[in-house]
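Visitor: Dropping the sequence and predicted coords here.
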Amino acid sequence: MLIREANAADWPAIWPFFHEIVAAGETYSYPRDLGETVARELWLLRPPGRTVVAVDDAGTVLGSAKMNPNHPGGASHIAGASFMVDPRHGGRGVGRALGEYALAWARAEGYRAMQFNGVVETNTAAVALWESLGFQIMTTLPEGFRHPTRGYVGLHIMYRLL
């Protein structure tokens, strides 16, 4: 698996799984009916942010991540990141590879920590992955996320020093 910077030509491969994940409404707080144009603007970042794709030997996009300052100004030394793995390629270590890449990127860019502002507590695979990569749950916003089948569930804020 190769992780490389995403470019405009990658969007047609990202959009189908991005749309599927967002429309399911189980893990992202984006509007479930988010249109493609807005989605592309949200996901394909300009510097100081960065968007990458994980591709296999055939060039198939397996997943994507975006990394950026979590907040501007006085809090811009904390990185943020978001990850999406094509469900058809889950269980192959794509999420872990993207997570490790994002942490290395943040260190190289001089960030002091990384924070995830909203990890849905029912997304247990993601929570376990981030904990295995050294993230801690700093707090959970009770009923911070409206899950389409489970109702109101907690939303974790996860953090890790670099």
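Guide: Nice, I can see it.

Visitor: give me the beta-bridge partners of residue 5?
Guide: residue 52 (DSSP bridges).

Visitor: can you give me the strands for the protein?
Guide: In the chain, strands defined by DSSP state E lie at 2-5, 50-55, 61-69, 78-85, 113-120, 136-147, 151-161, listed in chain order.

Visitor: How far off centre is the third one?
Guide: The reference is to strand 61-69. 6 Å (Cα atoms, centre = their mean, to the nearest Å).

Visitor: Against which helices or strands is that strand packed?
Guide: helix 11-24, strand 50-55, strand 78-85, helix 94-108 (3 or more Cβ pairs under 8 Å, 6 or more residues apart in numbering; DSSP states H and E). (C-beta placed from N, C-alpha, C; glycine too.)

Visitor: And for the shortest one?
Guide: Strand 2-5 makes packing contacts with strand 50-55, helix 94-108 when contacts are defined by 3+ Cβ pairs under 8 Å, 6+ apart.

Visitor: For those, could you give me TSV that also reports mean neighbour count, mean pLDDT and distance to residue 19?
Guide: As requested, the helices and strands packed on strand 2-5 are arranged in TSV below (neighbours: other Cβ atoms under 10 Å; pLDDT from 0 to 100; distance: least, Cβ to Cβ, whole Å):
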stretch	mean neighbour count	mean pLDDT	distance to residue 19
strand 50-55	22	98	16
helix 94-108	18	97	18
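
Visitor: In CSV: these, plus distance to residue 68.
Guide: Formatted as CSV, the helices and strands packed on strand 2-5 follow (distance: least, Cβ to Cβ, whole Å):
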stretch, distance to residue 68
strand 50-55, 7
helix 94-108, 10
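
Visitor: one step back: with distance to residue 42 added, can I get the helices and strands packed on strand 61-69 in a markdown table?
Guide: What follows is the helices and strands packed on strand 61-69, written out as a markdown table (distance: least, Cβ to Cβ, whole Å):
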| stretch | distance to residue 42 |
| --- | --- |
| helix 11-24 | 9 |
| strand 50-55 | 10 |
| strand 78-85 | 9 |
| helix 94-108 | 17 |
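
Visitor: Indicate which one of the strands of the chain is closest to residue 105.
Guide: For residue 105, the closest of those is strand 61-69, at 5.5 Å, according to Cβ to Cβ.
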